[in-house]
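> pasting a predicted model and its sequence here:
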Amino acid sequence: MFSDCVQGRRKPLNANPLDGVSGRAGMAVFLNSLPPGLRRLITAACALMFLGVVFILLPRYAAEINDQHQWPRWQSPIGQAMGVGVFLGGVVLAVYCSRLFARIGGGTPVPFDPPKELVVSGLYRFTRNPIYVAQVVILLSYFLYFGQFALLAHAVAWALLVQGWIVWVEEPGLLKRFGAAYVTYCQEVPRWIGIPRKLSG
């Protein structure tokens, strides 16, 4: 809300462009100062690290805990078939919505390289966070396929963590960036899954 210049004072010409900027905003400024190719490479590397931790390392660790403690395991051919279908649906959903971020918003799902424009089309007309929905769906597919209840606990824990991130970090940031347009969007479209107000009315 505050400008870089206070009461007519200007920053020195040789000032560090990151002075007074912190967190994700500072990272965004840094990325925007890089050549496009290098910026895309860094963003892709961070995305791959995130995907590897959330969708490979943590589920594998949860499965190992399930086996070590001999917790219940539910597995059937029907469940495995459902798991494959749910997994593919989640991947398609995530890829589709990520492409909308790039094509319409001019950004990525990575927090420090967000869209420059508010994306409200496509599946964003039905949920404000379809990528997070896709993430939870993918994690639930692991439980359906492998049947280990620790994987179900991991999916639930991730959903709760994401809920906290959305409410306390992401939504306040979007409100600052997009103002009244985002307020209207929140009033019309549910945070997770539901019936948009325009359709229900």
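Nice, thanks for sending it over.
> what are the ranges of the helices in this protein?
For the chain, the helices identified by DSSP state H occupy 23-32, 36-52, 58-68, 77-100, 130-146, 149-165, 171-178, 180-188, 197-200, in order along the chain.
> can you say which of these is packed in most?
Relative to the other members of the helices of the chain, helix 130-146 carries the highest mean neighbour count by mean count of other C-beta atoms under 10 Å, namely a mean of 22. All C-beta atoms are positioned from the backbone trio N, CA, C, and that covers glycine.
> how about residues contacting it?
Residues lying outside helix 130-146 but in contact with it, judged by C-beta atoms under 8 Å, 6 or more residues apart in numbering, are 54-55, 59, 63, 73, 75, 79-80, 82-84, 86-87, 89-91, 93-94, 97-98, 109, 123-124, 127, 149, 151-152, 154-155, 158-159, 162, 166, 192-193.
> how about R191, what does it touch?
For R191, the residues meeting the contact criterion (C-beta under 8 Å, 6+ apart) are T127, R128, N129, I166.
> stretch 46-60: end-to-end distance?
20 Å (C-alpha to C-alpha, to the nearest Å).
> chain center to that stretch: distance?
Per C-alpha atoms, centre = their mean, to the nearest Å, the displacement of stretch 46-60 from the mean C-alpha position of its chain is 13 Å.
> got the contact list for that stretch?
Residues external to stretch 46-60 that are found in contact with it (C-beta under 8 Å, 6+ apart): T108, P109, V110, F112, Q135, I138, L139, Y142, L151, H154, W158.
> would you confirm that the third one contacts T43?
Yes - taking C-beta atoms under 8 Å as the definition, V110 is a contact partner of T43 at 5.3 Å.
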